[in-house]
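J.: test case, fold it:
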Amino acid sequence: MQETKIFDPVDGFAPIVDVVVATDSTIVKRDGQWHMYLAGKVLNREGIQLFSATLPPGAPLAPTGWHLTEDPEAPGKVALLAPQVASREWDLKGGRHCPSFVKGWDPERAAWVERIYYAGGAEWVWGPYAIGYLEWDGTRWVEQSQPVFRAEVEWEHGSVYEPNLIYADGVWKLWYVAGSNQEDYLVHGYAESADGRTGWSEHRIFAPPDCKMFDFCVIEGAAGYEAVFSRVWLQPGEPPPTAGLWWCHAGSASPDLSAWSEPVQIMTAENRGWHAGPWKPSLRYSETSPNRMLVFFDGVRPAGTGGPFPYAFTLGCVELERPA
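T.: Next up is the predicted model:
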């Protein structure tokens with residue numbers, strides 16, 4: 001197993017000068033090039049913003065070689081994915097968090113569409129949140145005036161965030177967190193929709209609060225589906241051995257946790273200096289070693305970054321062989 005640090009505020013983001021934090025990656029290959037969509041704090045911008053990093057065109061997926069995307073009209077500054085004009089009422093003050101890229105079928109337009117779902121905060125950075133998306137129109141990412149998924153039932157405690165989506169079995173499948181970090185109350189939910197916008201199914205509990213599940217990132221594998229998820233520890237003191245990243249698999253992208261295999265822990269919450277308590281995994285496989293997993297993840301270290309948090313978020317990647 002090999003860990004690589006990708007972005008760390010302590011190291012800076014040169015040649016980009018206005019990024020304070022770069023985290024929450026979702027990884028996708030588009031038009032022959034690997035893209036990493038990120039959330040982070042940007043100087044002189046309200047809330048949390050979405051931006052991107054890329055590997056060179058044609059380069060195979062790797063934990064090294066990533067460069068933040070520069071604004072072509074403002075050298076040294078990061079290019080934001082989309083403005084916050086139409087969406088400002090629900091995602092400006094609290095910002096845009098935890099992006100999840102997905103390509104799926106829109107039956108209304110009878111077309112495949114690319115979207116980056118994210119959690120937006122209308123009031124402040126700590127939530128409560130709703131879930132919406134940016135959509136690619138062929139030349140740019142377009143914001144939406146309203147979220148498409150909100151908390152509806154009592155167990156969600158008024159906030160839904162950390163979306164992870166795939167398009168499978170003819171529907172848009174959404175795994176998400178409900179509750180709040182401040183309350184140390186986290187439930188993992190599931191819902192699905194034919195178009196990813198409307199007609200969401202009943203919000204159902206995928207994992208109960210005592211599981212402390214904080215992301216469930218699903219991909220289609222060679223034989224069925226695989227997922228990497230995080231289990232977090234939000235209380236004072238050392239985290240338990242169960243905190244960290246876990247891997248599991250299933251024959252289908254099931255909304256029932258019991259249908260997934262017994263999970264295997266692939267990383268603990270041990271403090272490595274530049275990160276501890278990993279979360280927000282994004283799973284992909286090496287293009288040169290088919291059984292080699294690359295799991296991009298968030299970490300945390302105490303630091304004064306000048307941002308809204310008393311610590312610094314970091315971003316890294318762990319490489320390991322697929323568990324047996």
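J.: isn't A59 right next to K29, touching?
T.: No - using C-beta atoms under 8 Å, A59 is not in contact with K29, being 10.4 Å away. (Each C-beta comes from the backbone N, C-alpha and C, glycine too.)
J.: buried residues in stretch 95-105?
T.: Of the residues in stretch 95-105, 95-102, 104-105 count as buried by neighbour count, 16 or more other C-beta atoms under 10 Å.
J.: for stretch 278-291, same thing?
T.: 278-285.
J.: again with stretch 35-44
T.: Buried positions in stretch 35-44, judged by neighbour count with 16+ other C-beta under 10 Å: 35-42.
J.: with just CA atoms, put that stretch into CSV.
T.: The C-alpha coordinates for stretch 35-44 follow below in CSV (Å, rounded to 0.1, in the frame of the first residue of the first chain):
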residue,chain,number,x,y,z
HIS,A,35,-10.3,15.4,-14.4
MET,A,36,-10.6,15.9,-10.7
TYR,A,37,-13.5,18.1,-9.6
LEU,A,38,-12.9,19.7,-6.2
ALA,A,39,-14.5,21.8,-3.5
GLY,A,40,-12.4,24.4,-1.6
LYS,A,41,-12.0,27.9,-0.2
VAL,A,42,-10.9,30.6,-2.6
LEU,A,43,-9.7,34.0,-1.6
ASN,A,44,-12.2,36.9,-2.1
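J.: K280 and P290, how far apart?
T.: According to C-beta to C-beta, to the nearest Å, K280 stands 25 Å off from P290.
J.: wait, what's in contact with A22?
T.: By C-beta atoms under 8 Å, 6 or more residues apart in numbering, the contact set of A22 is 7, 13, 38, 40, 51, 53, 68, 315.
J.: which of those residues fall within helices?
T.: Of the contacts of A22, none are assigned to helices by DSSP state H.
J.: among the residues you listed, which two are most distant?
T.: The span of the contacts of A22, defined through C-beta to C-beta, is set by F51 and L315 at 12.6 Å.
J.: shared neighbours, the two?
T.: Joint contacts of F51 and L315 (C-beta under 8 Å, 6+ apart) are 22, 38.
J.: can you map out the helices along the stretch 1-150 of the chain?
T.: 88-91 (DSSP state H, counting those that start in this stretch).
J.: in a strand, that's where S261 is, yeah?
T.: No - counting by DSSP: H, G, I helix; E, B strand; the rest coil, S261 is not found in a strand; it is coil.
J.: residues in contact with it?
T.: Here S261 is in contact with 248-250 (C-beta under 8 Å, 6+ apart).
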